[in-house]
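# Take this sequence and fold it.
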Amino acid sequence: MYLRYLRIRLGTAAALCAALLLGDAAVAQAAAPPAPAPTGPATVEPAPTGRTDTVPIPSTSITPSPAGSDSGNSWTVQNAIRFWTPQRMASATDPSGRIARPRGWTAPRKKRSVAAGIDGEHFDGIKSVGVLFNTDKGMKAHYCTASVVRSKGHNLILTAGHCVGDKAVFVPEYDHTKSGADQPYGMWPVQEWFRDSQYASDKSPNSDLDFAFGSLKADNGREAQDVVGANTLARTPGFVNKVTVVGYPMVGHNPQDRAFRCPGVPTAPLPAYNQMQIDCGGMWGGVSGGPWFSSLGPSGDTGEIIGNVGGFLKGGPDVPADNPLYNRITYSPLHGDRFFQLYDDAQNGLHTDHGAYHQPPLPYSMGNGETWKHARLMAAGDFNGVGHSDLIVVWTDGEVTLYTNGANGRFISERQLLAPSSTWTHAETITAGDFTGSTRFDLMVRWSDGEVTLYGDVGTKGLNWAGTQMIGPNSTWQHATQIAAGRFNASTYVTDLMVRWSDGELTLYTDVGAGSFGQEHKLKDPNSTWQKATLLTSGEFSGNQKWDLMVQWSDGELDNYVGTSVSALGTEARVQNPNGLWTHNTVMTTGSFTGDHRTDDLVVRWSDGETTMYIDTGMDHLGTEENLVPHA
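Predicted coordinates:
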């Protein structure tokens, strides 16, 4: 892992990598429950965005009171209805402090495909999910979301740990047009809160514990579960799922004041945390605590819950309010042992301190978009001789890293080939091929002074040696703007080299070996059109024995040249028409990253650091999109 960005990857990695949304930070800050005098260090609230702060110390063991000093037996359904008049509901202050939509919200980024993220939708809601009101530190609007879950007492709700608050009331399938007395499924005062003693609303691993249960008071002998039904709770099966997330954004960002959902959205790991994340536009503050359904029953009113909005910095990224990602990215803790211990405690009315939190082993992560903005060059090839490709990255500080692929489209480890160095900051373009014929790929580098060097068998030999000089420093190869290895003419090994020169000339070198560029074939004379080719890569996109040349143009157009040979450039197949989105394609390479043993998996590093793999890309279309690194 390269040293210059070590702090970003491991320290603020999750903060930046997790650089995403929700903005319940202020909500939770206002909604933290009154706690008994601490027996140890107190929780330090996170500093405002942009300020360097130390990682807060997790809060000490607490035993939440039954919803506050005025709660107890006196905080009844009737009292709640009397207190929460329509006027108070309408005029209650938005505790987030965000009274306007951030700039850029009306034009969220164009999605690269369905998998890249969706925009959520308003709907009528479901009766097992509703809003929370409370009066902690002054009157608050509905500030969080909760859901009824199955329990022995038929009276439990699930929400986020940072949503615990005084004089709390749960309103299922909240209808803003009706008074408290006329809500379709009533108002249910929270009698008692249950939260993990080690939860911390910060950037520490203890933010993995951002969940809480509340027991509700009965209404004339009726329990909430008997009125609205209840959801089942299941262990989160892993970091990659498909979920439907339901919540109630606060009215400042949701003038309709209606329920909101993100249906069937894919989840991904939140690096360095036992949490997952989604990309769905419209998840404003107020959805905290909202359930992540793995499935819903036939009626759509209840289902199976495997997560809840919350986690790192109370469920959203450490970004300013005008960041377009502010309302897109949302987190959830994984529901594991600590979650179900708390669930059992809540059912039995217990406040058990389960001791220090030890984060479970986490899956490998490639890091975050802030780090990957510094990925300057990429090349794919079978560097380890295992029958599928791995990925080499040259970073802006001269570090070189080898990422090992698991043959399933995902990377499983990384190895530093070179520490940051000034030498490799002069690497202008790279490509990988089997030029030495050893069945292990080699790395070819064109340096800023025109020298070209071949490093054979990189996976075993590394890069800390002189390599084989293909040509010494010279003014001609300083104009080799892009190089791409392929099998345009070769039958067995990847020993051909395509070069696009600065004047638009296109040259194919065949039978390239250690120390020799082989035979030269001019495919295009100098021309202004090919001066606009910004990126080159090659692969088996058409399914033929020979490879095709893929070209990214300056206007965002993406073309595949099928049947390219020593005599001519192949037939053009359009993959993407000119568009603004693909002008942000900054680095591009192709490898065989899946089990079909075809070099047709296109990897793209975008300008915001997001890194994406398009698996099984075809002659005229992109393959299935898999996110490798989330955007900054």
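# Just give the number of residues close to residue 584.
16 (other CB atoms under 10 Å). Backbone N, C-alpha and C define where each C-beta goes, glycine included.
# Could you do residue 258 as well?
Neighbours of residue 258 (other CB under 10 Å): 17.
# quick one: the nearest residue to it once chain neighbours are set aside from residue 255, how far?
Once flanking residues are discounted, residue 258 sits nearest to residue 122: 4.6 Å by CB to CB, 6 or more residues apart in numbering. Using CB to CB, to the nearest Å, residue 122 is found at 10 Å from residue 255.
# returning to that earlier point: pLDDT at the residue nearest to residue 258, what is it?
Per-residue confidence (pLDDT) for residue 122: 95.
# Same question for residue 17.
32.
# Going along the chain, name the strands of the stretch 451-600 of the chain.
For the stretch 451-600 of the chain, the strands defined by DSSP state E, counting those that start in this stretch occupy 452-455, 468-471, 480-486, 496-501, 506-510, 519-524, 533-539, 548-553, 558-562, 571-576, 585-591.
# ok, the fifth one: who's next to it in the sheet?
Next to strand 506-510 in the sheet, as set by DSSP bridges, lie strand 496-501 (antiparallel), strand 519-524 (antiparallel).
# May I have the lengthiest helix in the chain exported as CSV, CA atoms only?
In the chain, with assignment by DSSP state H, the single longest helix is helix 337-348. Taking Å, rounded to 0.1, in the frame of the first residue of the first chain, the C-alpha atoms of helix 337-348 are listed here in CSV:
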residue,chain,number,x,y,z
ASP,A,337,-23.7,-10.7,16.9
ARG,A,338,-23.8,-7.4,18.7
PHE,A,339,-27.0,-6.5,17.0
PHE,A,340,-28.8,-9.6,18.0
GLN,A,341,-27.5,-9.5,21.5
LEU,A,342,-29.1,-6.0,21.8
TYR,A,343,-32.3,-7.4,20.2
ASP,A,344,-32.5,-10.1,22.9
ASP,A,345,-31.8,-7.5,25.6
ALA,A,346,-34.6,-5.3,24.3
GLN,A,347,-37.1,-8.1,24.2
ASN,A,348,-36.3,-8.9,27.8
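# which helices and strands does it pack with?
strand 188-195, strand 212-216, strand 232-233 (3 or more CB pairs under 8 Å, 6 or more residues apart in numbering; DSSP states H and E).
# These: which one's closest to residue 166?
Minimum separation from residue 166 across the helices and strands packed on helix 337-348 (CB to CB) falls at strand 188-195, 9.4 Å.
# which other helices and strands contact the closest one?
helix 77-83, strand 169-172, strand 212-216, helix 337-348.
# Quick check: neighbours of it in the sheet, parallel or antiparallel?
strand 169-172 (antiparallel), strand 212-216 (antiparallel).
# quick one, what contacts residue 262?
Contacts were defined as CB atoms under 8 Å, 6 or more residues apart in numbering; by that measure residue 262 touches 118, 120, 243-245, 278, 280, 282-283.
# make it 6 Å
Counting by CB atoms under 6 Å, 6 or more residues apart in numbering, residue 262 makes contact with 120, 245, 280.
# I'd like the next helix or strand past the strand or helix carrying it.
Using DSSP states H and E, residue 262 falls within strand 259-266. Counting by DSSP H and E, the next helix or strand C-terminal to strand 259-266 is strand 268-269.
# ok, that following strand: who's next to it in the sheet?
Going by DSSP bridges, the partners of strand 268-269 are strand 275-281 (antiparallel).
# and the partner strand, C-alpha only, in PDB?
The C-alpha trace of strand 275-281 is given here as PDB (Å, rounded to 0.1, in the frame of the first residue of the first chain):
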ATOM      1  CA  GLN A 275     -20.900  -1.500   7.200                       C
ATOM      2  CA  MET A 276     -22.400  -1.400   3.700                       C
ATOM      3  CA  GLN A 277     -23.400   1.500   1.500                       C
ATOM      4  CA  ILE A 278     -25.800   2.300  -1.300                       C
ATOM      5  CA  ASP A 279     -26.000   5.000  -4.000                       C
ATOM      6  CA  CYS A 280     -29.500   6.400  -4.300                       C
ATOM      7  CA  GLY A 281     -30.500  10.000  -4.800                       C
END
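# average pLDDT across that strand?
91.
# buried stuff in whatever helix or strand comes next after it?
Toward the C-terminal end, the helix or strand that comes next after strand 275-281 (DSSP H and E) is strand 291-296. Within strand 291-296, the residues that count as buried by 16 or more other CB atoms under 10 Å are 291-294, 296.
# circling back: can you lay out the strands paired with strand 188-195 as a markdown table showing mean pLDDT?
As requested, these are exported to a markdown table (pLDDT from 0 to 100):
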| stretch | mean pLDDT |
| --- | --- |
| strand 169-172 | 95 |
| strand 212-216 | 98 |
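# which one of these lies closest to residue 344?
Short answer: strand 212-216, nearest of these by CB to CB, at 10.1 Å.
# Please determine how far the closest residue to residue 511 other than its chain neighbours is located from residue 275.
Once flanking residues are discounted, residue 511 sits nearest to residue 518: 3.7 Å by CB to CB, 6+ apart. Using CB to CB, one gets 51 Å for the distance from residue 518 to residue 275.
# Between the two, which is the more surrounded one?
Between residue 518 and residue 275, counted using other CB under 10 Å, residue 275 has the larger neighbour count: 27 against 17.
# Would you list the phi and psi of residue 163?
phi -100, psi 0 (degrees, to the nearest 10).
# how close does it get to residue 144?
4 Å.
# Beta-bridge partners for the nearest residue to residue 488 once chain neighbours are set aside, please?
Computed as CB to CB, 6+ apart, the closest residue to residue 488 that is not its neighbour in sequence is residue 496, at 4.7 Å. Counting by DSSP bridges, residue 496 forms beta bridges with residue 486.
# can you count the residues close to residue 496?
28.
# Turn the helices and strands packed on strand 188-195 into a markdown table, including mean neighbour count.
Below are those laid out as a markdown table (neighbours: other CB atoms under 10 Å):
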| stretch | mean neighbour count |
| --- | --- |
| helix 77-83 | 17 |
| strand 169-172 | 28 |
| strand 212-216 | 25 |
| helix 337-348 | 18 |
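# The ones you listed into CSV, with extra columns for distance to residue 320?
Formatted as CSV, the helices and strands packed on strand 188-195 follow (distance: least, CB to CB, whole Å):
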stretch, distance to residue 320
helix 77-83, 35
strand 169-172, 31
strand 212-216, 28
helix 337-348, 31
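# Mind checking these for the one nearest to residue 578?
helix 337-348 (48.8 Å).
# Report the angle between the closest one and strand 188-195.
130 degrees (axes from the mean of the first three to the mean of the last three CA atoms, to 10 degrees).
# Give me the mean pLDDT for helix 337-348.
98.
# Which residues does it contact?
For helix 337-348, using CB under 6 Å, 6+ apart, the contacting residues are 151-152, 156, 194, 196, 209, 211, 213, 352, 354.
# Fine, thanks again, bye for now.
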